[in-house]
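1. No letters, just coordinates:
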């Protein structure tokens, strides 16, 4: 299964945060799954870090390198993703979440998230 990680899931995983459920960790680490990180998550992390909402224990670029070093494939942002996000119903206002939903739908991926808002959309979610 191809799995797109929501930004908070990625952050919890990288920090070995106990908030991440054992099931979510197992999904990420399973050889049967291809866990993918979107460039949109990098953008979200960069913005939140720059405005002081997301402190990091290292410089931003070094944090991004830890994600790369963990072996996560990086999903770029394509025109088709933007077009898909533009026609999503406005059930949730977070633009980063909306783009992740659009990317997952467009790429035929499951989303790994703990955000209950994602259930409002017609996108496959990983059961936590």
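-> Cool, the structure landed. Computed from a predicted structure; not experimentally measured.

2. Could you list the buried residues of the strand or helix carrying residue 26?
-> Secondary structure assignment for residue 26, by DSSP states H and E: helix 22-29. Buried residues in helix 22-29, counted by 16 or more other Cβ atoms under 10 Å: 24, 27-28. For every residue, glycine as well, the C-beta is placed using N, CA and C.

3. Could you do stretch 100-119 as well?
-> Buried residues in stretch 100-119 (16+ other Cβ under 10 Å): 100-107, 109-113, 115, 118.

4. ok, then the element right after the helix holding residue 26?
-> Note on helix 22-29: by DSSP H and E, the next helix or strand toward the C-terminus is strand 34-38.

5. Mind giving me the packing neighbours of that following strand?
-> Judged by 3 or more Cβ pairs under 8 Å, 6 or more residues apart in numbering; DSSP states H and E, strand 34-38 is in contact with strand 2-5, strand 74-75, helix 95-107.

6. Make TSV out of those and add mean pLDDT and distance to residue 50.
-> TSV is the format used below for these (pLDDT from 0 to 100; distance: least, Cβ to Cβ, whole Å):
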stretch	mean pLDDT	distance to residue 50
strand 2-5	98	21
strand 74-75	98	20
helix 95-107	97	14
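
7. Of the ones you listed, give the one that comes closest to residue 54.
-> Among the helices and strands packed on strand 34-38, the nearest to residue 54 by Cβ to Cβ is helix 95-107 (12.1 Å).

8. Would you tell me what the next helix or strand after the closest one is?
-> Assigned by DSSP H and E, the successor of helix 95-107 is strand 110-112.

9. what's the spacing between residue 92 and residue 120?
-> 6 Å (Cβ to Cβ, to the nearest Å).

10. that older thread, the helices and strands packed on strand 34-38: which one's closest to residue 38?
-> strand 74-75 (4.6 Å).

11. show me where pLDDT drops low in this protein?
-> Across the chain, not a single residue meets the criterion (pLDDT under 70).

12. wait, what's in contact with the residue nearest to the spatial centre of the chain?
-> Closest residue to the average C-alpha location of the chain: residue 6 at 2.4 Å, with Cα atoms, centre = their mean. Residues near residue 6 by Cβ atoms under 8 Å, 6 or more residues apart in numbering: 41, 97, 100, 111-115, 118.
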